[in-house]
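Enquirer: predicted model follows, preceded by the sequence.
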Amino acid sequence: MFDPDPTIRLRHWLGGMEAVAESVWKRVQDRMLKAILLVGAAGALAAGWLIELQPGEVRPMLLLFNLFCALLVIFIGATEIPRDRSTRNIQFFLSKPLSRGQYVTGKFVGVLVIAESIFLAYAVCFLAAAAARGQGAGDTVLMDCGRLALQLATVTGLVVGLSAFLPELAATILSFAIFLLSFVVFLIPPLTQLLIPAWLRPIFLTLYYPLPNLQHFLWVTDATHGILFLLTTATYTAAYCVGALMIAELFLRRRDLF
């Protein structure tokens with residue numbers, strides 16, 4: 001029965017989304033993932049304690065942690081929805097009073113929480129060990145961590161969105177290819193002007209906007225402009241993730257999943 005109270009409807013929507021996210025956490029909570037978390041955190045702790053950090057050397061380590069977590073997002077996120085389709089688990093979820101929007105968002109949240117937790121654990125262990133030795137991390141380290149966390153959210157939105165359209169292997173390969181391309185996508189506009197005839201440029205430029213531009217998450221900023229960059233990347237991330245999940249939901253809504 002439809003309940004007009006928006007608070008109750010919101011709690012119901014969040015509850016359904018959380019149930020889907022929990023299914024992701026249960027599925028990947030095996031020994032391998034725990035080993036990745038514990039061994040990686042121990043390695044980050046040892047690196048922070050042993051490496052003599054020079055100014056600017058904290059950032060490359062954070063980028064390394066971020067890259068590892070992004071690859072983890074691709075290999076976990078690209079398999080979630082295709083696996084549910086192949087095992088018909090998706091019918092189990094959607095046979096309940098659960099919308100396709102709740103299902104897709106739950107998958108997104110489940111994968112994202114795993115990636116962000118591992119990235120946070122690695123970063124905290126590394127920075128804590130470095131601070132224990134009296135090595136300062138710099139004024140922009142929190143901004144860098146925030147923007148790299150937003151980058152992981154963008155990658156998660158891309159991967160979960162693609163997994164709604166493609167089989168498991170195809171979603172993994174295409175997600176990885178787009179992830180690599182996303183670091184050089186800013187070159188598309190100038191290259192089209194140099195190399196592509198004018199009548200073909202609109203076709204190539206349309207590729208520029210759906211692809212995530214992950215390069216701007218890595219720009220070096222000072223503390224003064226860091227908040228502005230954080231706000232702009234947060235806006236970009238939110239718009240990209242909402243767009244990707246809405247398209248995935250519409251695609252699943254148009255498919256006969258039963």
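Expert: Okay, I see it. Numbers count the residues shown, from 1 in each chain.
Enquirer: shaky segments in this structure?
Expert: For the chain, the stretches flagged by pLDDT under 70 are 1-5, 29-31, 53-56, 136-139, 221-224, 255-258.
Enquirer: mind jotting down where the helices sit in it?
Expert: According to DSSP state H, the chain carries its helices in the segments 6-28, 31-50, 58-87, 89-95, 100-132, 141-163, 168-181, 188-195, 201-208, 223-254.
Enquirer: which of those helices is buried the deepest?
Expert: With neighbours defined by mean count of other C-beta atoms under 10 Å, none of these is more surrounded on average than helix 141-163, at a mean of 24. To be clear about C-beta, it is placed using only N, CA and C from the backbone, and glycine gets the same treatment.
Enquirer: give me the angle between that one and helix 58-87.
Expert: Between helix 141-163 and helix 58-87, the angle comes out at 20 degrees (axes from the mean of the first three to the mean of the last three C-alpha atoms, to 10 degrees).
Enquirer: let's have the helices of the chain in JSON lines, adding distance to H216.
Expert: JSON lines is the format used below for these (distance: least, C-beta to C-beta, whole Å):
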{"stretch": "helix 6-28", "distance to H216": "28"}
{"stretch": "helix 31-50", "distance to H216": "26"}
{"stretch": "helix 58-87", "distance to H216": "14"}
{"stretch": "helix 89-95", "distance to H216": "35"}
{"stretch": "helix 100-132", "distance to H216": "19"}
{"stretch": "helix 141-163", "distance to H216": "9"}
{"stretch": "helix 168-181", "distance to H216": "14"}
{"stretch": "helix 188-195", "distance to H216": "14"}
{"stretch": "helix 201-208", "distance to H216": "13"}
{"stretch": "helix 223-254", "distance to H216": "7"}
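Enquirer: nearest to L214, out of the ones you listed?
Expert: Within the helices of the chain, the stretch nearest L214 is helix 141-163; the backing value is 5.7 Å (C-beta to C-beta).
Enquirer: starting at the chain centroid, how far to that closest one?
Expert: Between the centre of helix 141-163 and the centre of its host chain there is 4 Å, according to C-alpha atoms, centre = their mean, to the nearest Å.
Enquirer: with stretch 130-150 instead?
Expert: Computed by C-alpha atoms, centre = their mean, the separation of stretch 130-150 from the middle of its chain amounts to 20 Å.
Enquirer: got it, and stretch 184-199?
Expert: Stretch 184-199 sits 27 Å away from the centroid of its parent chain (C-alpha atoms, centre = their mean).
Enquirer: just the CA coordinates for that stretch, please, in CSV.
Expert: C-alpha atoms of stretch 184-199 as CSV (Å, rounded to 0.1, in the frame of the first residue of the first chain):
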residue,chain,number,x,y,z
VAL,A,184,44.3,11.0,-21.7
VAL,A,185,40.7,11.9,-22.7
PHE,A,186,41.5,15.6,-22.3
LEU,A,187,43.7,15.3,-25.4
ILE,A,188,40.6,14.6,-27.6
PRO,A,189,39.5,18.2,-28.3
PRO,A,190,43.0,19.5,-29.4
LEU,A,191,43.7,16.3,-31.4
THR,A,192,40.4,16.6,-33.3
GLN,A,193,41.3,20.1,-34.3
LEU,A,194,44.7,19.0,-35.5
LEU,A,195,44.0,15.7,-37.1
ILE,A,196,40.3,15.3,-37.9
PRO,A,197,38.4,16.9,-40.8
ALA,A,198,35.9,19.5,-39.7
TRP,A,199,32.9,17.3,-40.7
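Enquirer: if anything else comes up later, I'll come back, but that's it for now.
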